[in-house]
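1. Compute the structure for the input listed below.
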Amino acid sequence: MMKRLIEKINNHVDKIEGSHVLYWMQAAQRTAHNPALMAAVDKANRLGLPVKVLFVLDAGFKDANLRHFTFLYEGLKDVKASLEACGIGFEVKQGSFVEVLENDLKVAAALFTEPAYLDFLRTIRSDIYQKASAMDIPVYEVTTNLIIPVKAASEKVEFAARTIRPKLLRQVDAYLFDETPAPIENRTTNASAYLDGSGDAFFEAMDIDTAIKPVGSFKGGQKAAHEQWESYLKHGLMRYDASGDPAKDITSKMSAYLHFGHISPRKMYADVRWLLDSGSIPAKAAEAYLEQLLIRRELAHNFTYHAEGYDRFETMAPAWALKTMRDHAEDRRGYVYTKTDYLAFATHDPYFNAAMKEMVKTGYMHNTMRMYWGKKIIEWSKTHREAYETILTLNNAYFLDGRDPVSYASVAWCFGRHDQGWMERPVFGKLRYMNDKGLKRKYDIEAYVARCNKL
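-> Okay, the predicted model is just below:
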């Protein structure tokens, strides 16, 4: 069944004279439950060659800063130890993706990697695939961070969850399989010394943005991801249907680990399905979680993969939403704030300020508060365009799970993507509106504020 996840990019045959099979690891920073690594090992065993795993560090990676690179570093330390135990070579190199890969491809028998879903990453892959093809090296893309490959799920931009849901549910069982890799037959002890020093030495060698500091709330890596997940399965999942309440703090907090590829969404799906099918947890909780993990998450990837201009104000929202924003462009704003005000926690709204504090201090924000947060920035910005740019900038800079297809889809949702028109009102037009009265009516929102103020 794993063959369903593998797409061969060109028609070249394996280079018998290659010294190893190369797995360019980027999006899936893990060894456990990694179909791309499994496929590379299988190919290497067939060719009688070792596997080399390469990770490329680009200090200028779009929107990345010290917060993200710290989480990344912790994950790479995990990967190195795990690959060494398996007898698989691992190397970390700093530089541009194309230049580093071009050099390593010269001695490779085949190239394996993961698909990309954002435009700039797809462009990088396209350039590298052209280099590989010019060297007659076969290239294989293996879906690792989605349950169903994005092109198999749908060949077009889906309107909403209700349009992609039946397509995903029809196929999901065909993509559930054991993700345990075969042992590598040709072991190697080659490993990168790049990660042997301290984290400080690691970052000193890179010219990265250090303005936004790391957080102690989350530790990166597949070990931490699996510990968080196993704990949630035992103690939190049974209550997931009530996770929309910010005061209860019972979300799984797995989004950063999914973004960095520290855990397999297929494993997570299978774990929840097993608990559901065995009657170990309430169906309402399990089904609500699977809706987010499969339907909503893969809808977001469908959006960034198929929608042209998913990251631009003029094109990220549907036509009706863009029209209603134009119609209300000149509406008077009751309050006007800037990014500086938000980062100083200086608005008149204690719930928004608390959400900002949670984001700045922890790299995370409760899901309900993310929606409220985005809607308030729309309400308090001089223009809808300014609101969009502010939300996206803060999202990508401070959240550990920022810079992700889910991020772009969630920000666009604030502006009508995957939503419908609502009652017309000032500033928002027909965009969905949220206010503090709803928070007070539904939740013990003061408890959330108190928790955030202790950070």
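
2. what's the closest residue to residue 379 other than its chain neighbours in contact with, if anything?
-> Leaving aside its chain neighbours, residue 379 sits nearest to residue 427 (5.7 Å; criterion: CB to CB, 6 or more residues apart in numbering). Placement of C-beta: from N, CA and C, glycine included. Residues in contact with residue 427 (CB atoms under 8 Å, 6 or more residues apart in numbering) are 328, 331, 333, 378, 379.

3. Highest neighbour count among these?
-> With neighbours taken as other CB atoms under 10 Å, the top of the contacts of residue 427 is residue 378, carrying 24 neighbours.

4. contacting residues for that one?
-> Residue 378 touches 384, 387, 391, 414, 415, 427, 428, 431, counting by CB under 8 Å, 6+ apart.

5. ok, now residue 128?
-> 24, 97, 98, 101, 102, 105, 111.

6. now residue 156
-> Contacts of residue 156 by CB under 8 Å, 6+ apart are residue 306.

7. likewise residue 294?
-> 147, 168, 169, 172, 265, 269.

8. What's the per-residue pLDDT of the closest residue to the fifth one other than its chain neighbours here?
-> So that's residue 265. Among residues not flanking residue 265 along the chain, residue 147 sits closest, at 5.5 Å (CB to CB, 6+ apart). Looking at residue 147, its pLDDT is 98.

9. before we move on, what about residue 404?
-> Reported pLDDT for residue 404: 97.

10. Verify the stated contact: it with residue 261.
-> No - at 10.7 Å, residue 404 and residue 261 do not qualify as touching, with contact defined as CB atoms under 8 Å.

11. okay if I get the contacts of residue 427 as CSV plus pLDDT?
-> What follows is these, written out as CSV (pLDDT from 0 to 100):
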residue, pLDDT
328, 98
331, 98
333, 97
378, 98
379, 98
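
12. tell me the pLDDT at the residue lying closest to residue 70 once chain neighbours are set aside?
-> Closest residue in space to residue 70, ignoring its immediate chain neighbours: residue 214 at 3.8 Å, by CB to CB, 6+ apart. Looking at residue 214, its pLDDT reads 94.

13. residues in contact with residue 214?
-> Going by CB under 8 Å, 6+ apart, residue 214 touches 66, 67, 70, 71.

14. make it 10 Å
-> Taking CB atoms under 10 Å, 6 or more residues apart in numbering, we find residue 214 in contact with 65-71, 73-74, 199, 203, 220, 363, 400.

15. Turn the residues you listed into CSV, columns for neighbour count.
-> Compiled in CSV, the contacts of residue 214 are given as follows (neighbours: other CB atoms under 10 Å):
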residue, neighbour count
65, 19
66, 17
67, 21
68, 28
69, 22
70, 22
71, 26
73, 20
74, 20
199, 14
203, 17
220, 25
363, 24
400, 25
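
16. now, among those, which is nearest to residue 444?
-> residue 363 (24.1 Å; CB to CB).

17. With adjacent residues omitted, what lies nearest to the closest one?
-> Closest to residue 363 by CB to CB, 6+ apart is residue 400, at 4.0 Å.

18. rewinding a little: tell me the SS of the residue nearest to residue 379?
-> Following DSSP: H, G, I helix; E, B strand; the rest coil, residue 427 is assigned to coil.

19. What of residue 39?
-> Applying three-state DSSP: residue 39 is helix.

20. how about the helices in the stretch 51-200 of the chain?
-> All helices of the stretch 51-200 of the chain, identified by DSSP state H, counting those that start in this stretch, fall at 66-86, 97-105, 119-134, 150-153, 161-171, 199-204.

21. Any stretches of the stretch 51-200 of the chain with poor pLDDT?
-> Across the stretch 51-200 of the chain, the ranges flagged by pLDDT under 70 are 191-193, 197-198.

22. repeat that with 90
-> Scanning the stretch 51-200 of the chain for pLDDT under 90 picks out the ranges 59-60, 177-182, 188-200.

23. ok so, going back, would you format the contacts of residue 378 as JSON lines with distance to residue 318, pLDDT and secondary structure included?
-> Putting these into JSON lines (distance: CB to CB, whole Å; pLDDT from 0 to 100; DSSP: H, G, I helix; E, B strand; the rest coil) gives the following:
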{"residue": "384", "distance to residue 318": "14", "pLDDT": "98", "secondary structure": "helix"}
{"residue": "387", "distance to residue 318": "17", "pLDDT": "98", "secondary structure": "helix"}
{"residue": "391", "distance to residue 318": "17", "pLDDT": "98", "secondary structure": "helix"}
{"residue": "414", "distance to residue 318": "13", "pLDDT": "98", "secondary structure": "helix"}
{"residue": "415", "distance to residue 318": "9", "pLDDT": "98", "secondary structure": "coil"}
{"residue": "427", "distance to residue 318": "18", "pLDDT": "98", "secondary structure": "coil"}
{"residue": "428", "distance to residue 318": "15", "pLDDT": "98", "secondary structure": "coil"}
{"residue": "431", "distance to residue 318": "11", "pLDDT": "98", "secondary structure": "coil"}
